[in-house]
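> just need the structure, nothing else, for what follows:
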Amino acid sequence: MSSAPRETRTAYLAARPDGGRRVGLIRARDARHLAEQLRRERLVPLRTWTLPDWAPGGSGSVRLKDQCEVHTQLAQLLNRGVPLVEALDVVRAAVAPGARPKVDRMRELVAGGSSFADACRSVGIFDIVTIAVYRASERTGDLGGAAKQLALTTRRQLAISGKAGTLLIYPAVVLSISICVAFGMITYVVPLVAKSLTDNNQEIPLITRVLVDVGLFLRGNLPLVALVVLGLVTGGVFARKRIGALVQRAARRVPLMRDVMLAQESARFFTVMAAMTRSGITLADALGVAIGVINYPVLKAQLQTLRTRLIEGGVLRQLIDAVDALPLSTRRLLIAAERAGDLESAFDTLATDTADELDRRSQRLLAALEPLLIVFLFAIIGTLLLSIMIPIIQASAGAAG
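Have a look, this model is predicted:
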């Protein structure tokens with residue numbers, strides 16, 4: 001039995017009904033499949049380019065925001081008795097254009113007799129956690145309830161991602177502004193001041209001479225500098241995963257950053273566990289999937305040990321107490337919930353609590369970053385200002401003498 005053709009990522013140039021042009025990206029099995037998808041958007045393909053798998057974004061993953069929209073629409077429609085195939089028609093109109101081909105493919109598979117979980121796995125629209133939840137819900141006949149729980153889960157994940165983005169945006173903006181200001185000063189202001197002093201036969205300090213030489217080199221080789229910067233940016237894009245891993249490894253050694261990362265990983269873990277246990281998945285299976293979403297090495301290793309010993313017949317409350325990467329209060333809550341037989345509610349409560357804790361720790365980190373960024377700005381801009389002020393002050397003192 002031959003396998004289905006593999007979908008490839010394709011860039012296209014297409015004509016719009018109003019005579020304009022549109023450039024975009026799409027995943028298609030072949031030229032005919034591509035033309036069908038564009039025709040649904042009232043587009044006519046003019047040129048296409050197949051992109052290699054190593055190109056940025058080549059995985060074809062769907063944004064978390066679109067995944068949340070899929071879950072939300074399915075929950076509302078399925079719980080009102082709308083058939084799954086018809087619900088997917090509505091979902092297609094609700095998601096972004098880039099996700100519509102995957103929804104179309106899911107609808108085709110479901111209409112052809114595939115289960116929804118198998119269709120999701122074939123299309124690659126969701127991760128293994130989501131697919132496992134939907135597969136379990138199909139066995140229990142509560143697909144709408146699973147979609148509702150997953151909608152809540154993805155909203156929490158979006159909130160967590162938003163907090164992480166907030167932490168990155170503020171330093172990035174400050175650093176970008178400082179680099180631009182420093183570049184302008186070192187290439188134009190410092191050489192101008194140095195030339196004025198030289199014309200007046202004033203001695204220039206060593207630091208000013210060094211900065212003048214650097215500035216003149218940068219100004220005289222702007223194309224080369226731009227090419228080097230472009231090369232660094234391009235290399236950073238292709239090596240972003242490795243760079244991200246190195247940054248995370250370094251961040252785990254910084255106290256405040258370590259606390260934020262642990263809170264983020266805990267929130268992600270408990271959010272996944274809440275979704276999976278409410279769908280009827282056994283605790284060991286849920287742990288096996290949820291551990292895969294954790295990137296914090298210590299927590300991941302301890303939870304993996306817990307799952308292994310649980311399968312071997314260990315006592316859960318004792319195993320939970322050994323996971324000292326989690327706060328003591330969290331472990332005590334899980335132990336109490338295990339004794340009461342209500343781990344589902346405990347996971348849901350901890351998902352909310354850890355998300356709130358992440359927000360508090362993020363605010364603390366931002367409060368600590370502000371003075372550090374001020375010191376950094378002073379180190380860069382202050383050095384440049386001193387290189388300008390020192391010779392001016394010396395010139396003024398010499399004139400007064």
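> quick check: Arg105 touching Val123?
Yes - under the criterion of CB atoms under 8 Å, Arg105 makes contact with Val123 at 4.9 Å. Just so you know, the C-beta spots here come from the backbone N, C-alpha and C atoms, and that holds for glycine as well.
> from the chain's centroid, how far away is the longest helix belonging to the chain?
For the chain, the helix that runs over the most residues, judged by DSSP state H, is helix 143-184. Centre-to-centre, helix 143-184 and its host chain are 7 Å apart (CA atoms, centre = their mean, to the nearest Å).
> how close does Leu365 sit to Leu372?
10 Å (CB to CB, to the nearest Å).
> same deal with Thr352?
31 Å.
> out of those two, which sits in the more crowded spot?
Thr352 (14 against 10; other CB atoms under 10 Å).
> that one - nearest residue in space that isn't next to it in sequence?
Closest residue in space to Thr352, ignoring its immediate chain neighbours: Arg156 at 7.9 Å, by CB to CB, 6 or more residues apart in numbering.
> next up, the contacts around the one you found.
267, 271, 351-352, 355 (CB atoms under 8 Å, 6 or more residues apart in numbering).
> give me the residues contacting stretch 36-50.
Taking CB under 8 Å, 6+ apart as the rule, stretch 36-50 contacts 8-17, 21-22, 26, 28, 31, 34-35, 97, 100-101, 104.
> so how do I select the buried members of those residues in ChimeraX?
To isolate the buried ones among the contacts of stretch 36-50 in ChimeraX, judged by 16 or more other CB atoms under 10 Å, type:
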select :8,9,10,12,14,26,28,34,35,100,101,104
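> just checking, which of the contacts of stretch 36-50 belong to helices?
Filtering the contacts of stretch 36-50 for helices - DSSP H - leaves 31, 34-35, 100-101, 104.
> between those residues, which is closest to Ala75?
Closest to Ala75 out of the ones in helices among the contacts of stretch 36-50 is Arg100 (19.5 Å), distances taken as CB to CB.
> now do that closest one against Leu88, distance only.
11 Å.
> for Asp353, same thing?
Taking CB to CB, one finds Asp353 at 35 Å from Leu88.
> who has more neighbours, these two?
Comparing Asp353 with Leu88 by neighbour count (other CB under 10 Å), the higher total belongs to Leu88, at 24 against 16.
> Three-state assignment for Trp49, please.
strand (DSSP: H, G, I helix; E, B strand; the rest coil).
> what about it, how many neighbours?
10.
> likewise Asp199?
8.
> could you measure from it over to Ala182?
Taking CB to CB, one finds Asp199 at 25 Å from Ala182.
> who's in contact with the helix or strand harbouring Arg331?
Using DSSP states H and E, Arg331 sits in helix 328-340. Contacts with helix 328-340, where a contact means CB under 8 Å, 6+ apart, come from 266, 316-317, 320-321, 323-324, 343, 345-346, 349-350, 354.
> could I get the buried residue list for it?
For helix 328-340, using 16+ other CB under 10 Å, the buried residues are 330-331, 333-335, 337-338.
> what residue ranges in the stretch 301-401 of the chain score low on pLDDT?
394-401 (pLDDT under 70).
> going along the chain, name the strands of the stretch 1-150 of the chain.
Assignment of strands within the stretch 1-150 of the chain using DSSP state E, counting those that start in this stretch yields the ranges 8-15, 21-28, 44-50.
> quick one: closest of these to Leu143.
strand 21-28 (25.2 Å).
> against which helices or strands is that closest one packed?
strand 8-15, helix 31-40, helix 100-111 (3 or more CB pairs under 8 Å, 6 or more residues apart in numbering; DSSP states H and E).
> nearest to Ile392 among those would be which one?
Judging the helices and strands packed on strand 21-28 by CB to CB, what sits closest to Ile392 is strand 8-15, at 54.7 Å.
> I'd like to know which elements that closest one is packed against.
strand 21-28, helix 31-40, strand 44-50.
> gap between the helix holding Arg331 and the chain center?
On CA atoms, centre = their mean, the centre of helix 328-340 falls 31 Å from the chain's centre.
> list the contacts for the one residue sitting closest to the centre of the chain?
The chain has Ser161 as the residue nearest its centroid, 6.4 Å off, counting by CA atoms, centre = their mean. The contact partners of Ser161, by CB under 8 Å, 6+ apart, come to Leu64.
> any idea how far it lies from Arg240?
Relative to Arg240, and taking CB to CB, Ser161 is found at 16 Å.
> circling back to that earlier point, tell me which helix or strand comes right after the helix holding Arg331.
helix 343-377.
> what is the orientation angle of the helix or strand following the longest helix of the chain with helix 143-184?
Later in the chain than helix 143-184, the nearest helix or strand by DSSP H and E is helix 190-199. Here helix 190-199 points in a direction 10 degrees away from that of helix 143-184 (axes from the mean of the first three to the mean of the last three CA atoms, to 10 degrees).
> just give the nearest non-adjacent residue to Ile388, would you?
Val193 (5.1 Å).
> any idea how far that neighbour lies from Ile207?
Distance, Val193 to Ile207, using CB to CB: 13 Å.
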